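Peer 1: here's a sequence, model it:
(one chain, ligands or ions: 4)
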Amino acid sequence: MKVSPKDLYNHCYGKYGIAAINVFTMEQVLGVFKAASISKSPVIIQTTPVARDYANPVMLLNMIATGAQIFPEVVYALHLDHGNEFHIDAALEEGHYTSLMIDASNDSFEKNISRTLSVVQSAHSKGLVVEAELGVLSGVEDDMEVDEANSRYTQPDEVEEFVSRTGCDSLAIAVGTSHGAYKFSGGQGIQFGILKEINKRLPGYPLVLHGGSAVDPKETQEINELGGQLKSGSRGVSEEELKAAIGLGVCKVNIATDLRVLWTRVHREFFNNHPDQFDPIVPGKKYQEELVEFCLKKFELLGSTGKA
Ligand code: G3H
Ligand code: 13P
Ligand code: NA
Ligand code: ZN
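Peer 2: Ligands and ions are numbered 1, 2, ... in the order given. The predicted model follows:
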């Protein structure tokens, strides 16, 4: 059953988190739906503009709709991740999404407000809810790279004004996470002082944590042992950090990189162990199975298991 993330947030706020998982491929769509079905966990399935370009929006959205048909018991929302007005207009036209992100976080405060407000007005008129972003994460997001010097934490003093002037339904915040596989290379982690201040100023209001991948060092190490050249020495968001963030109003945890890292490890491992193989469906099946396991663990950690 497709639901609005607003309903999911009303239920989970302060108690558990909803994984928002970026999908690009059929294996990922099937894997996420299957895990949500097994664990009776609500989930947010999300697509970035890059995913839409890669798979073609018609293919991608129909693939997700088909996943929902195969697993009709799954409670899910369908979200556009990191959209601009162009993607949002298309998404409103397509009629599949329950929610949209307008990412005007690189603009000035006033410009971010005006762009977000305008998206909120058109989305709300069609019954969709809007996630906006205040503050700038470092890392690679879509085809845009933001270095650490140009990243900015969300300023707690700005959040109330931003939310009340735009009417956005949830807020993505920059509290130290970044996109991609190389987070926290300085070892700093989530800035809980800032998160607490934001939560204090927006009590009961759903926050979104981008850059939520764990980037398991065992996975990156194995990839590198199998010929990969990923940078080592950085980590993702820890289990303790995630749990603490949920207690401070984080309802949605975005996860994309972990699925890529898993894909890379599974495929390197498979072709290393079976150099005679050349059939995509064999590692593809293995990837789906491992992805289901990954999601089951993540739902358990976020506390969403059994909440659908
Ligand atoms: O910020 C979200 C994703 O990590 C970006 O993924 O650029 O490959 O669509 P993508
Ligand atoms: P990760 O790079 O940590 O998976 O973050 C994903 C994200 O924020 C998608 O919007
Ligand atoms: Na952004
Ligand atoms: Zn993001």
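
Peer 1: please count neighbours and contacts with C-alpha atoms only from this point.
Peer 2: Fine.

Peer 1: which SS state does the closest residue to H210 other than its chain neighbours fall under?
Peer 2: Once flanking residues are discounted, H210 sits nearest to N254: 5.0 Å by C-alpha to C-alpha, 6 or more residues apart in numbering. Secondary structure state of N254, per DSSP: H, G, I helix; E, B strand; the rest coil, is strand.

Peer 1: ok, now the one 10 residues further on?
Peer 2: When the structure is split into helix, strand and coil by three-state DSSP, T264 lands in helix.

Peer 1: OK, contacts around it?
Peer 2: I223 (C-alpha atoms under 8 Å, 6 or more residues apart in numbering).

Peer 1: separation between it and G227?
Peer 2: Using C-alpha to C-alpha, to the nearest Å, T264 is found at 11 Å from G227.

Peer 1: list the buried residues for the longest helix belonging to the chain?
Peer 2: Secondary structure of the chain read by DSSP state H shows that its longest helix is helix 281-302. For helix 281-302, the neighbour count (16 or more other C-alpha atoms under 10 Å) marks 283-284, 286-292, 294-296, 298-299, 301-302 as buried.

Peer 1: do any residues in stretch 72-90 lie close to ligand 1?
Peer 2: No: interface with ligand 1: stretch 72-90 contributes nothing (C-alpha under 6 Å from any ligand atom), its closest point being 6.5 Å away.

Peer 1: which residues touch N272?
Peer 2: So N272 contacts L226 (C-alpha under 8 Å, 6+ apart).

Peer 1: swap in F270?
Peer 2: F270 touches P283, counting by C-alpha under 8 Å, 6+ apart.

Peer 1: need the phi and psi values for it.
Peer 2: phi -60, psi -50 (degrees, to the nearest 10).

Peer 1: let's see the pLDDT reported for it.
Peer 2: At F270, the model reports a pLDDT of 98.

Peer 1: returning to that earlier point: counting neighbours, what do you get for the residue nearest to H210?
Peer 2: Applying other C-alpha atoms under 10 Å, we find 22 residues neighbouring N254.

Peer 1: do I have it right that it meets V23?
Peer 2: No: N254 is beyond contact range of V23, at 11.3 Å (criterion: C-alpha atoms under 8 Å).

Peer 1: so for this structure, the centremost residue is which one?
Peer 2: N254 (2.2 Å; C-alpha atoms, centre = their mean).

Peer 1: what bridges to it?
Peer 2: With DSSP bridges as the criterion, N254 is bridged to A20.

Peer 1: now for the residue nearest to H210: which residues touch it?
Peer 2: Counted by C-alpha under 8 Å, 6+ apart, N254 has contacts A19, A20, I21, N22, V208, L209, H210, G211, G212, S213.

Peer 1: these in strands, which ones?
Peer 2: A19, A20, I21, N22, V208, L209 (DSSP state E).
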